[in-house]
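Enquirer: structure for the following, please:
(one chain, ligands or ions: 1)
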Amino acid sequence: MTEHTLTVAGVAVDTRHWIGGRRVASAGTFTDVSPIDGKAIGAISRGTPAEAAEAVAAAKAAFPGWAATPRAERARILHAVADGVEKRLEELAIVETTDNGALLRSHRRGVMPRVAHNFRFFADWLLTLDHEDFDTYPSGGSAAGRGHTNHVSWDPAGPCVLITPWNAPLMMASWKVAPALAAGNTVVLKPAEWTPLTASLLADITAEAGLPAGVLNIVQGYGSEIGDALTSHPDVRRISFTGSVPTARHIAASSAPNLTPTSFELGGKSPLLVFADADLDLAVDLAVEQYDNAGQVCLAATRILVEEPIAEEFTRRFTEKAAGLTQGDPRDEATDVGPNIHPRQLEKIDGFVRRAVAAGARTVIGGHPGDGQYYAPTLLTDVAQDSEIVQEEVFGPVLTLQTFRDEDEAVRLANDTRFGLAATLATGDHERADRVTAQLVAGTVWVNCFFVRDLQAPFGGSRESGVGREGGTWSFDFYCDLKNTVTAPKGWKHHG
Ligand code: NAD
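Expert: Numbering: from 1, shown residues only. Predicted coordinates:
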């Protein structure tokens, strides 16, 4: 224990950066606050541009050694990281819940096992990365190139900057860190300032797993203060960012002079389309599920679109089911909806709802804050398609309900925002499902299900929901420099 150690729910957490395999303290600090009770958790190192540059330098220095480490050895170390996550699962779960207010039961049973899985999956996938060698395609009868072999390799790209949001801190960090490291890159991770804690625990876990110094570096602090030092750094070869659209625009501009490749996973305003032929109980379950994590989920289907003939019955059943949700302390196993992350976020949510109501929306349920940092699960109807509440991401437990007359109108409403992250469909008709999904603009479409995410699948958003795709081989395509080697059949001294 040092003056830089906090005890969070009985777990020791270092408050400093992790640079080049050692802890580095900033002169300044910022206060990390728990959304559960609004109380201060402690003081965290408030990174400076110089410290951000130091982290990039450490990543650069460690890159040649890690890039040259055989794939099997990289995979072994990533599995050891996953072992460490599993060993400390309970600690990670309670620290994350204290820091971001999401349900302890989800962290225990869903999120933290998934963090371990992220490391295992990308370690294993790395070992399958292979493209069969191929002969040069015969072109125009020319003899040139005939008999030549093409060999594709996934070369490590260099130091990567990974920037994550607060709504799923370790989950998002591991989703980026695991493939970046597996690919042979080194990393500077910048966690969100509202949720700095589990990233610090990840530093300890990777060190125990034998990850060499400088391969993973973590800088704490405000994005507005240290972001540019990371994203405009000429030695950074990849930037993967999950967060809001305005920040993505800023990063796109700051990384442009170096032409640093970026991957952006951004906001959403995803629809849930409920057709009259749907299993109504299933559709209602899917709709109520959108209050998970107090609505702070980028993929949430916040716009419920229901076919007219069943709208009344759907609303009745939805209201009944939502009334059964328990809101309260996220550490309590019985809680379904916890707090929102920050007083500022709560104000933002309430502002959206008030303006919607002033513009003519009708509140079916909720529509107001609760005690502390809690917002009542809310459903608004009588909302216009071009209104703010339908077009803008709220990032809270606020859903809208609109009706449609036919498939064409359903698709038109579903696609009519600037976003294109996900779409969910409830229908009993396979052909309809095929017809509608073919017309939806979305990175992921779920049919009669929600949030089923296989790590092999491409993940990302269309339009303003993102740039690029990660997941499975797509992650390695992003985190690697793909190289094609063309070898001639001639010129060899030894024939084997
Ligand atoms: P945000 O953009 O405010 O912050 C995200 C991260 O960017 C934080 O770590 C922050 O410190 C950093 N940052 C801020 N300014 C920066 C700058 N100038 N340069 C570099 N980094 C900077 O977003 P947020 O409020 O933390 O997260 C919520 C948003 O994230 C929502 O829009 C949500 O939809 C989105 N999100 C998307 C996904 C996805 O996979 N598509 C997943 C989770 C969250």
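
Enquirer: can you show me the helices along the stretch 351-496 of the chain?
Expert: Using DSSP state H, counting those that start in this stretch, the helices of the stretch 351-496 of the chain run over 388-391, 407-415, 430-439, 472-479.

Enquirer: deepest-packed of these, please.
Expert: Neighbour counts (mean count of other Cβ atoms under 10 Å) averaged over each of those peak at helix 472-479, with a mean of 22. Any C-beta I mention is one placed from the backbone N, CA and C, and that applies to glycine too.

Enquirer: of all the helices of the stretch 351-496 of the chain, which lies closest to residue 56?
Expert: With respect to residue 56, and counting by Cβ to Cβ, the nearest of the helices of the stretch 351-496 of the chain is helix 472-479 at 16.5 Å.

Enquirer: in JSON lines, list the helices of the stretch 351-496 of the chain along with distance to the ligand.
Expert: Formatted as JSON lines, these follow (distance: least, Cβ to the nearest ligand atom, whole Å):
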{"stretch": "helix 388-391", "distance to the ligand": "14"}
{"stretch": "helix 407-415", "distance to the ligand": "18"}
{"stretch": "helix 430-439", "distance to the ligand": "19"}
{"stretch": "helix 472-479", "distance to the ligand": "13"}
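
Enquirer: can you redo the ones you listed as JSON lines with mean pLDDT?
Expert: As requested, the helices of the stretch 351-496 of the chain are exported to JSON lines (pLDDT from 0 to 100):
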{"stretch": "helix 388-391", "mean pLDDT": "98"}
{"stretch": "helix 407-415", "mean pLDDT": "98"}
{"stretch": "helix 430-439", "mean pLDDT": "98"}
{"stretch": "helix 472-479", "mean pLDDT": "97"}
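
Enquirer: any idea how far residue 315 lies from residue 276?
Expert: Note on residue 315: its distance to residue 276, by Cβ to Cβ, to the nearest Å, is 14 Å.

Enquirer: do the same with residue 394
Expert: Distance, residue 394 to residue 276, by Cβ to Cβ: 28 Å.

Enquirer: got a list of what the most centrally placed residue in the chain touches?
Expert: Closest residue to the average C-alpha location of the chain: residue 172 at 4.4 Å, with Cα atoms, centre = their mean. Listed by Cβ atoms under 8 Å, 6 or more residues apart in numbering, the contact partners of residue 172 are 164, 165, 242.

Enquirer: helix, strand or coil: sort out the residue nearest to residue 305 when sequence neighbours are not counted for me.
Expert: Take residue 305 and drop its neighbours on the chain: the residue closest to it by Cβ to Cβ, 6 or more residues apart in numbering is residue 273, 5.0 Å away. Following DSSP: H, G, I helix; E, B strand; the rest coil, we place residue 273 in the strand state.

Enquirer: report the mean confidence score over the one helix or strand residue 152 maps to.
Expert: Taking DSSP states H and E as the definition, residue 152 sits inside strand 149-156. Averaged over strand 149-156, pLDDT sits at 95.

Enquirer: and that strand, what's buried?
Expert: 150, 154, 156 (16 or more other Cβ atoms under 10 Å).

Enquirer: can you name the residues bridging to the closest residue to the second one other than its chain neighbours?
Expert: Distances taken as Cβ to Cβ, 6+ apart put residue 480 closest to residue 154, at 3.9 Å, once the chain neighbours are dropped. Partner residues in beta bridges with residue 480, using DSSP bridges, are residue 156.

Enquirer: next, count neighbours for residue 480.
Expert: Residues near residue 480, counting by other Cβ atoms under 10 Å, number 22.

Enquirer: follow-up on the earlier one: including distance to residue 326, could the helices of the stretch 351-496 of the chain go into CSV?
Expert: As requested, the helices of the stretch 351-496 of the chain are exported to CSV (distance: least, Cβ to Cβ, whole Å):
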stretch, distance to residue 326
helix 388-391, 26
helix 407-415, 31
helix 430-439, 33
helix 472-479, 37
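
Enquirer: the spatially closest residue to residue 462 that is not a sequence neighbour and residue 237, how far apart?
Expert: Leaving out its chain neighbours, the residue that sits closest to residue 462 by Cβ to Cβ, 6+ apart is residue 420, at 3.2 Å. According to Cβ to Cβ, residue 420 and residue 237 sit 28 Å apart.

Enquirer: with residue 126 instead?
Expert: Residue 126 is 18 Å from residue 237, by Cβ to Cβ.

Enquirer: which residues of the stretch 101-250 of the chain fall in helices?
Expert: Secondary structure of the stretch 101-250 of the chain (DSSP H, counting those that start in this stretch): helices at 104-106, 112-128, 169-182, 197-208, 223-231, 245-255.

Enquirer: what does the last one rub up against?
Expert: For helix 245-255, contacts defined as Cβ under 8 Å, 6+ apart pick out 163, 223, 227-228, 231-232, 236, 239, 241, 262, 264, 266-267, 464, 467.

Enquirer: give the rounded mean pLDDT of it.
Expert: Averaged over helix 245-255, pLDDT sits at 98.

Enquirer: out of the contacts of helix 245-255, who's near the ligand?
Expert: Filtering the contacts of helix 245-255 for neighbours of the ligand using Cβ under 6 Å from any ligand atom leaves 163, 223, 227, 231, 266, 267.

Enquirer: for the fifth one, list the residues it contacts.
Expert: It stands for residue 266. The neighbours of residue 266, taking Cβ under 8 Å, 6+ apart as the test, are 242, 243, 244, 245, 248, 298, 421, 461, 464, 465, 466.

Enquirer: of all these, which two lie farthest apart?
Expert: The largest separation in those, counting by Cβ to Cβ, is between 242 and 464 at 13.9 Å.

Enquirer: which of those two has more neighbours?
Expert: Shown here are residue 242 and residue 464; by other Cβ under 10 Å, residue 242 has more neighbours (25 against 20).

Enquirer: now, of the ones next to the ligand among the contacts of helix 245-255, which are buried?
Expert: For these, buried by 16+ other Cβ under 10 Å: 163, 223, 227, 231, 266, 267.

Enquirer: residue numbers of the protein in contact with the ligand?
Expert: Going by Cβ under 6 Å from any ligand atom, the residues of the chain near the ligand are 163-167, 190, 192-193, 223-224, 227, 231, 242-244, 247, 250-251, 265-268, 298, 393, 395, 421, 461, 466.

Enquirer: related to what we said a few turns ago, who's more crowded, residue 394 and residue 276?
Expert: Neighbours were tallied for residue 394 and for residue 276 using other Cβ under 10 Å; the higher tally belongs to residue 394 (25 against 16).

Enquirer: from what I see, that one and residue 300 are in contact.
Expert: No - if you go by Cβ atoms under 8 Å, residue 394 and residue 300 don't touch, sitting 9.2 Å apart.

Enquirer: low-scoring stretches of the protein, by residue?
Expert: Filtered on pLDDT under 70, the chain yields the residue ranges 1, 138-145, 495-496.

Enquirer: outline the domain layout of it.
Expert: 5-266+461-484, 271-447 (automatic domain parsing).

Enquirer: endpoints of the last one, how far apart?
Expert: This points to domain 271-447. One end of domain 271-447 sits 12 Å from the other (Cα to Cα, to the nearest Å).

Enquirer: contacting residues for the residue lying closest to residue 336 once chain neighbours are set aside?
Expert: In this structure, residue 336 finds its nearest non-sequential neighbour in residue 325, 4.4 Å apart by Cβ to Cβ, 6+ apart. Residue 325 makes contact with 288, 291, 336, 337, 377, according to Cβ under 8 Å, 6+ apart.
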